[in-house]
Structure formats: structure tokens, C-alpha cells
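Participant: Curious how this folds, go ahead:
(one chain, ligands or ions: 1)
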Amino acid sequence: MIDIVHSKSGSSVSIHPFGATIISYKSSGGENLFVSRLSKLDGSKAIRGGIPIVFPIFGPPPKDSGSTMPQHGFARNNMWKVKEGSQHDSDSHAGVTLTLDLADASKGRGGNNIWSESDAKTGATSCQLIFEVKVDNEALSTTMIVQNTGSDAFDFNCLLHTYYAVEGKAAQDPKQCYAKGLQGYSIIDKVRGVSGEICGEDPVDLTAGAVDSVYMAPEGKMAVNVEVGVGGGRTVKMEAFGTIDDKPVPASCVVWNPSAEGAAGMGDFGDDQYQEMICVEPGILGDQPALGPGKKASLTQLIFA
Ligand code: TA6
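Facilitator: A predicted model of the protein is given here:
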């Protein structure tokens, strides 16, 4: 585990090198992230909680693609390396940088896709992922950078799959747990199988059971800003923004809670723990331009807690 403490503020973050998965972010209000009590931490599968990194696909591979890449891609299924000399603790902040080269990604690439071992050997599709983590007295800042190190452009999605801890098993209490700030976003509701409704002024809450919705930004909106109710009378603020080739691209946001039924169906999720979490996940999920050879993309998430 990589443990980072900002001595000046006492805020801290713990990162598991498997998937560069942040599994703890503590600030003055205590632990902000949820990790299932049944989560694997031995590298046998993606960590169930914290901030898993989703790349190069969000969700399952495209239908009829024939790709066998696991859901949410390979970034969260491989051991990342600490960038030498990057761990630091200064008055302003503490932090570390981790990297994953495609060549070192031995798991989760599947077959029949541009990322699979056979194709990538030609060097056509290749990348280096860089994950910059900083913590200070105000926030946890995480920036994922995708560097195209191959000869071909590639399409991608990336997302930071953040699990917030909700105090007092209050996730299904709309007064205590919600995601506010998505008004005007177009909704892809995967539970109801409905797309295109526009989110209203009311915060998104978890009263209707399972929630699994993607909120796509309205025209011209780049950064996503969400206030997350996390129980105990507390709220956390999240801001996220993305770039491709240093130009801003719209950030989308996913809200997920599996409900009792979904929790019971996951072996690495406590049956009752749907009451203890809400996922609010910023990502670059649109049909944005492909990333050209030598170019980079970035996704930054700031969690003010
Ligand atoms: O982000 C929401 C989601 O895509 C849900 O559909 C659900 O599958 C969740 O991610 C967890 O996915 P995982 O592959 O980690 O079990």
C-alpha cells in the first residue's frame, strides 16, 4: 500500500498499486471513501470501492465487437508502478504519481480488440497511463493522463469510479444522500432502459431502488460540479474536467447504487452495504475525438471534503 500523509493538514490517502486504486481518503471529517468489506485486495479482481480507474472502455465492450475485454477495461486490473522520486509531502500538499505502460498490462486486455496482446505487439496501439494524486487541507486531487505512445489514433473512454462512504446507512434517505448539480444533463438510465430525459433541478437520490445512470453534459458545459450528500449532515463537493490534446472536452458523470438486489448479486459486496455508499463517477464518456499518436488526454477529479 502507498500511504500519503499531508503532515501540515493531517489529510491522508492510501493507494493500492493494483489498479492504482485509491482505497482511503481521510480529511478532517474522517474517511470519505467506501470499500466493501468483501472486496478482494490480492489482485485477483478489481477492488470493490475507493476510486477504481476505468480505461479504455466504460462498461462492457461494444455489442457485436467480438472484443472479450472485461467491463471497464484493463487499467484497474494491473499493477501500477510508483514514479521514482514522485512521493512528496510539503507544506502545500502531499502526493505521488503512478504509471502503467500497456506493455506491462498483462491482465484485462481481452482479445479481438486493438488493445489485445496480438495487435498491440505491432505497436500500432499503445499508451502510457499516468495517475497523479495530491492531497492537501482542502481536497483530494486526482489526474489521470493518457499518453498515446503508439502509431495509431485510438478512441477511448475513461472514468474515475468513485465510491463515497455514506454515514449511518443513510444512502436511501434523500435528505442525507444525493447528487446535486446535474440539472440540464441528458440521462442514460440503464435501470429503466431509457435515454434522453433531461435531469431536472431536484438532486438525484437513491429512493427508487437501483440507480445506474450516465449524465451527459449539455452543449458547451465542460466541467462537472456535483455536491454529494454523504450522510451525517455532511456534503462533499466534486469537480471534474477533461482535455484531449490540451483542449477541454465535456465531462460526464455516472451515479450508481446497486440497491439490495444488486448488492446480493455481487460476491465482493456486503448484502447490506448498498446502504453505505453512493458512486458519483466523473468521466470522458462521449464520442469525443480520437486521441492521435503522441497526443495526450487528461481527466481531473477534485474532491473537496
Ligand atoms: O458505474 C456504474 C457501473 O457501470 C454499473 O453498471 C455497475 O456495473 C458498476 O459500474 C460496477 O461495475 P463492476 O465491473 O465494478 O462490477
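
Participant: interface residues of the stretch 51-200 of the chain facing the ligand?
Facilitator: Counting by CB under 6 Å from any ligand atom, the stretch 51-200 of the chain comes close to the ligand at 59, 71, 72, 161. For the C-beta atoms, the positions are set from N, CA and C on the backbone; glycine is no exception.

Participant: can you put these in JSON lines and add neighbour count?
Facilitator: Formatted as JSON lines, those follow (neighbours: other CB atoms under 10 Å):
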{"residue": "59", "neighbour count": "16"}
{"residue": "71", "neighbour count": "12"}
{"residue": "72", "neighbour count": "23"}
{"residue": "161", "neighbour count": "24"}
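
Participant: now these as a markdown table including secondary structure and pLDDT?
Facilitator: Converted to a markdown table, these look like this (DSSP: H, G, I helix; E, B strand; the rest coil; pLDDT from 0 to 100):
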| residue | secondary structure | pLDDT |
| --- | --- | --- |
| 59 | coil | 98 |
| 71 | coil | 98 |
| 72 | coil | 98 |
| 161 | coil | 99 |
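
Participant: Closest one to residue 127 out of those, please.
Facilitator: Comparing these against residue 127 with CB to CB places residue 72 closest, at 16.0 Å.

Participant: what residues are up against that closest one?
Facilitator: Listed by CB atoms under 8 Å, 6 or more residues apart in numbering, the contact set of residue 72 reads 46, 52, 54, 57, 58, 59, 159, 161.

Participant: For the closest residue to residue 49 other than its chain neighbours, give me its contacts.
Facilitator: Nearest-residue entry for residue 49: residue 35, 3.2 Å, with adjacent residues in sequence omitted and distances by CB to CB, 6 or more residues apart in numbering. For residue 35, the contacting residues are 23, 24, 47, 48, 49, 50, 163, by CB under 8 Å, 6+ apart.

Participant: Residue 155 too?
Facilitator: By CB under 8 Å, 6+ apart, the neighbours of residue 155 are 287, 290, 291.

Participant: switch to 6 Å and redo it
Facilitator: Counting by CB atoms under 6 Å, 6 or more residues apart in numbering, residue 155 touches residue 290.

Participant: Next, it: phi, psi?
Facilitator: Reported as degrees, to the nearest 10, the phi and psi values for residue 155 are phi -80, psi 150.

Participant: How about residue 37?
Facilitator: Main-chain dihedrals, residue 37, degrees, to the nearest 10: phi -70, psi -20.

Participant: element containing the residue of the stretch 201-305 of the chain found nearest the ligand, please.
Facilitator: Ranked by CB to the nearest ligand atom, the top residue of the stretch 201-305 of the chain for proximity to the ligand is residue 256, at 3.8 Å. Using DSSP states H and E, residue 256 sits in strand 252-257.

Participant: repeat for residue 25
Facilitator: Per DSSP H and E: residue 25 is located in strand 21-27.

Participant: ok, so what distance separates the closest residue in space to residue 78 that isn't next to it in sequence from residue 123?
Facilitator: Nearest residue to residue 78 in three dimensions, chain neighbours excluded: residue 105, at 4.6 Å (CB to CB, 6+ apart). From residue 105 across to residue 123, the span is 15 Å (CB to CB, to the nearest Å).

Participant: Those two - which one has more neighbours?
Facilitator: residue 105 (21 against 13; other CB atoms under 10 Å).

Participant: wait, the more buried one sits on residue 79?
Facilitator: No - assessed by CB atoms under 6 Å, residue 105 is found out of contact with residue 79, at 9.2 Å.

Participant: Burial check on the closest residue to residue 239 other than its chain neighbours, number of neighbours?
Facilitator: Closest residue in space to residue 239, ignoring its immediate chain neighbours: residue 302 at 4.6 Å, by CB to CB, 6+ apart. As a burial measure, residue 302 scores 19 neighbours (other CB under 10 Å).

Participant: just residue 232 next, same as before
Facilitator: Using other CB under 10 Å, residue 232 is surrounded by 14 other residues.

Participant: Can you give me the distance of the closest residue in space to it that isn't next to it in sequence to the ligand?
Facilitator: Leaving aside its chain neighbours, residue 232 sits nearest to residue 167 (3.5 Å; criterion: CB to CB, 6+ apart). According to CB to the nearest ligand atom, to the nearest Å, residue 167 and the ligand sit 22 Å apart.
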